[in-house]
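turn this into a model:
(one chain, ligands or ions: 3)
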Amino acid sequence: TPEKPTNFIRNIINEDLKNGKHTGIVTRFPPEPNGYLHIGHAKSICLNFGLALDYQGRCHLRFDDTNPAKEEIEYEDSIRENVKWLGFEWGEHLHYASDYFQAFYDHAVTLIKKELAFVDDLSAEEMRAHRGNLNEPGKESPWRTRSVEENLDLFRRMRAGEFEDGSKVLRLKIDMASPNLNLRDPVIFRIKKVEHHRTGDTWCIYPMYDYAHCISDSIEGITHSICTLEFEDHRPLYDWVLDKLEVPCHPQQIEFARLNLSYTVMSKRKLLELVQEKLVDGWDDPRMPTLVGLRRRGFTPQSIRAFCETIGVGKSDSFIDMSILEEAVREDLNQRAPRAMAVLKPLKVVIDGYPEGDGEAFEAANHPNDPALGTRKVPFSKVIYIERDDFQEEPEKGFFRLAPGREVRLRFAYIVRCEEVVKDASGEVVELRVSYDPASRGGTAPDGRKIKGTIHWVSAAHAMDAEVRLYDRLFTVPNPGGKNEADYRENINPKSIEVLTGCKLEPSLAKAGVDDRFQFERLGYFCPDSRDSKPESLVFNRTATLRDSWAE
Ligand code: ATP
Ligand code: MG
Ligand code: MG
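Ligands and ions are numbered 1, 2, ... in the order given. You can find the predicted model right below:
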C-alpha cells in the first residue's frame with residue numbers, strides 16, 4: 001500500500017504510538033441527526049474512518065442526539081447510508097449519545113459533590129448579562145454558593161420534572177473572570193420537557209454539547225477526538241470536565257480546518273431553507289452539496305474520497321474551489337466510465353445512397369484505454385441524428401465539422417458530405433441530406449484524404465428518447481451571502497439547471513442502472529436520474545463537463 005502523505009494529525013498519532021501513549025487508535029464521526037450530510041461532513045468522515053483504516057484502529061459512528069427537539073429518524077437512516085456509500089464501516093460501533101444520558105447525570109452528581117457544579121435560578125437573560133465579555137470579567141451568580149446538599153436535591157428534582165423549562169440549569173463552577181468565555185461557569189444541563197425520539201419521556205433534563213461530547217468520547221475509549229477549528233477554545237472545557245471527573249480515558253481533542261467550498265452553502269440551516277422554500281428540488285437535488293445530492297448528480301464515492309485526499313487536512317480555514325471537486329469526479333470517471341453516444345440537441349440527417357432498412361452495427365470499444373470494459377454494438381442506419389451545434393451553414397473560422405459541401409467523420413462509421421440543407425417555412429434548418437463514402441467504413445478514407453472533424457451520432461430508428469438535465473453552480477458568487485453579499489438567496493444562479501427534452505441516446509443506454517456512470521462522447525459525464533428515470537421515460541443528469549468550463 002502506498003504511503004499516504006503525512007499531516008499534522010498523523011504526526012500526532014505517530015508520536016503517540018511511538019512513545020507508547022496509545023497502542024492503537026480509536027476515532028469517531030459524531031453527526032447530529034438534524035440534517036443530511038454534506039461534502040464538509042465527507043471530509044470529516046474520510047479523515048476519521050480513513051485514519052482508523054490506515055492505523056488498523058476503529059472509528060465509531062456516533063449519533064450526537066442529545067438535543068431532543070430537532071432530531072429525526074429520517075436523518076439517521078440517511079447518515080448511515082451515506083457513510084456506507086462512501087465506503088466506510090463502523091462494525092459494531094454504532095453509538096448514540098442518548099445511551100449515555102444516565103452517565104451524564106451521574107457524572108453531574110459527582111461534580112456537584114466535588115463542589116464543581118451548582119443549580120442556578122438565573123434566567124437566560126440574567127445569565128447573559130452576568131457573563132461579561134472579552135473586555136469585562138463576568139459576575140458570579142448569587143446561587144453559586146448553594147450547598148452541596150441543596151444542589152443535589154434541586155438537581156434530582158430538576159430531573160423529576162418539578163420545575164418549568166428554563167427555570168433552573170446546572171452550571172459548572174469554573175471561573176467567571178476567565179478570558180475564555182467558555183469557562184465562565186458554562187451551563188451543562190437544562191430543563192426541556194420534550195420527548196426524545198429514542199428515550200421517550202424518560203428525561204426532561206438534557207445535557208449541553210460541550211459537556212456531553214467529552215464524556216461520550218471518554219466512555220467509548222476514543223483516543224483522538226477530531227473536530228473543526230471553531231472548537232479550539234472549547235478544548236479547555238473538554239479537558240477540564242474530564243480532568244475533574246478523573247475518568248480513566250481522556251481523549252485528545254484535535255482541531256482541523258473545516259471544508260468551505262466555493263459557489264455553495266453548507267450550513268444545515270441554509271440547506272434546510274433551500275429545501276423548505278423549494279428553491280431546490282429536495283435534499284437530493286443534484287445541485288445540492290449534500291452527499292445524496294452529489295450521488296444523484298453522479299458523483300462516485302471514489303471521487304469524493306479522492307477529493308478529500310487532495311484537499312488534505314490543515315489548520316487554517318480557507319475556501320476550496322468547486323472546480324477541484326468537479327475535477328475529482330472527472331478524473332475518476334475518465335478512468336472508469338464506459339463511453340456512449342448521445343445527441344442532446346438533435347438535427348436529423350438522411351444519408352443518400354445508404355440502403356433503406358435495418359442498417360448495420362459497429363463494434364465500439366466502451367473505453368479507449370481499458371479493453372476490460374469490453375465493446376458494444378452501435379446500430380447505424382440511413383437516418384441518424386447529429387448535434388445541432390455540429391453543423392454550421394456558414395462555418396466560422398476554425399470550424400471543422402459539418403457545413404454545406406464539407407466532409408466530416410461519423411464516429412466508428414463513415415465519412416459523409418453535406419449535400420443539401422433542408423429548412424422549414426421559418427428558415428430553420430430541420431434536416432441535412434448527406435452522401436457517404438462506402439469505402440470509408442470504420443472512419444478512414446482509403447485514398448488517405450484528411451478529415452479533420454469527427455462527430456457523434458445516433459441512429460434515428462434505434463434511438464432512445466430521453467430527458468437530459470444539465471447543471472451549473474447553484475450560486476453565482478464564490479461565497480453566497482458572505483462578505484459584501486446580501487442574503488445568500490439573492491445569489492442563487494437562475495440558470496443552474498437546463499432541461500433538454502427529446503434527446504437521442506444510443507440504445508445500449510436503455511439498460512443503465514442508477515449507479516451506472518457514462519461518458520457521453522464529447523459531452524461530459526452522465527448518469528440516470530435515480531428518482532425520475534424510468535425504462536419508458538429515461539432521464540439523465542450531467543455530472544460534469546469533460547473539461548473545466550470555468551477555467552480561462
Ligand atoms: P451545522 O453547524 O451546520 O449544524 P455541524 O457541523 O454541527 O453542522 P454535525 O452533524 O455536528 O454538523 O457534524 C458532524 C461532524 O462533521 C462534526 O464532527 C463536524 O466537525 C464535522 N463537520 C461538519 N461540517 C464540516 C465541514 N464543513 N468540514 C469538515 N468537517 C465538518
Ligand atoms: Mg454539531
Ligand atoms: Mg457546525
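
distance of the residue nearest to residue 379 when sequence neighbours are not counted relative to ligand 1?
What sits nearest to residue 379 in space, not counting adjacent residues and going by C-beta to C-beta, 6 or more residues apart in numbering, is residue 462, at 4.3 Å. To be clear about C-beta, it is placed using only N, CA and C from the backbone, and glycine gets the same treatment. To ligand 1, residue 462 is 46 Å away according to C-beta to the nearest ligand atom, to the nearest Å.

ok, now residue 170?
On the measure of C-beta to the nearest ligand atom, residue 170 and ligand 1 end up 23 Å apart.

shouldn't that residue be in contact with residue 117?
Yes - the criterion here is C-beta atoms under 8 Å, and residue 170 meets it with residue 117 at 5.7 Å.

what is in contact with those two at once?
Taking C-beta atoms under 8 Å, 6 or more residues apart in numbering as the contact rule, residue 170 and residue 117 both touch 108, 188.

so who does the residue nearest to residue 379 touch?
Shown in contact with residue 462 (C-beta under 8 Å, 6+ apart): 379, 381, 506, 507.

residue 234 looks like it's in a strand, true?
No - remark: residue 234 does not belong to a strand; assigned using DSSP: H, G, I helix; E, B strand; the rest coil, it is helix.

what secondary structure does the residue of the chain found nearest ligand 1 sit in?
At 2.3 Å from ligand 1, residue 40 is the closest residue in the chain, using C-beta to the nearest ligand atom. Three-state assignment for residue 40 (three-state DSSP): helix.

and residue 376, how many residues sit next to it?
Neighbourhood size, residue 376 [other C-beta atoms under 10 Å]: 18.

what does residue 273 give?
With other C-beta under 10 Å as criterion, residue 273 counts 15.

quick one, phi/psi of it?
Main-chain torsions, residue 273, degrees, to the nearest 10: phi -60, psi -40.

OK, contacts around it?
Counting by C-beta under 8 Å, 6+ apart, residue 273 has contacts 279, 489.

any idea of the pLDDT on the residue of the chain closest to ligand 1?
pLDDT for residue 40: 97.

before we move on, what about the one 5 residues further on?
With respect to pLDDT, residue 45 scores 98.

mind checking the SS state of it?
Applying three-state DSSP: residue 45 is helix.

skipping its backbone neighbours, what lies nearest it in space?
Residue 45 sits nearest to residue 29 (C-beta to C-beta, 6+ apart), 5.3 Å away.

and the one you found, how many neighbours does it have?
Residue 29 - counted by other C-beta under 10 Å - has 23 other residues nearby.

distance check, it against residue 295.
Using C-beta to C-beta, to the nearest Å, residue 29 is found at 18 Å from residue 295.

show the residue spans covered by the helices in the stretch 101-250 of the chain.
Assigned by DSSP state H, counting those that start in this stretch, the helices in the stretch 101-250 of the chain fall at 101-113, 124-131, 148-159, 209-219, 235-245.

can I get those helices in CSV with distance to ligand 1 and mean pLDDT?
Listed next are these as CSV, based on distance: least, C-beta to the nearest ligand atom, whole Å; pLDDT from 0 to 100:
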stretch, distance to ligand 1, mean pLDDT
helix 101-113, 18, 98
helix 124-131, 21, 96
helix 148-159, 26, 98
helix 209-219, 9, 98
helix 235-245, 13, 98
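
among these, which is nearest residue 52?
helix 209-219 (14.5 Å; C-beta to C-beta).

so which residues make contact with the closest one?
Here helix 209-219 has contacts from 28, 30, 62, 64, 66-67, 95, 97, 100, 103-104, 107-108, 172, 182, 186, 188-189, 225, 234, 237-239, 241-242, 245, 247, 249-251, 253, using C-beta under 8 Å, 6+ apart.

and with 6 Å instead?
With C-beta atoms under 6 Å, 6 or more residues apart in numbering as the test, helix 209-219 has contacts from 66, 97, 100, 104, 107, 188, 225, 234, 237-238, 241-242, 247, 249, 251.

what of stretch 377-397?
With C-beta under 6 Å, 6+ apart, stretch 377-397 has contacts from 343, 345-347, 349-351, 354, 356, 359-362, 364, 399, 401-403, 413, 455, 457-462, 504, 506.

pLDDT (mean, whole number) over it?
97.

alright, calling it a day.
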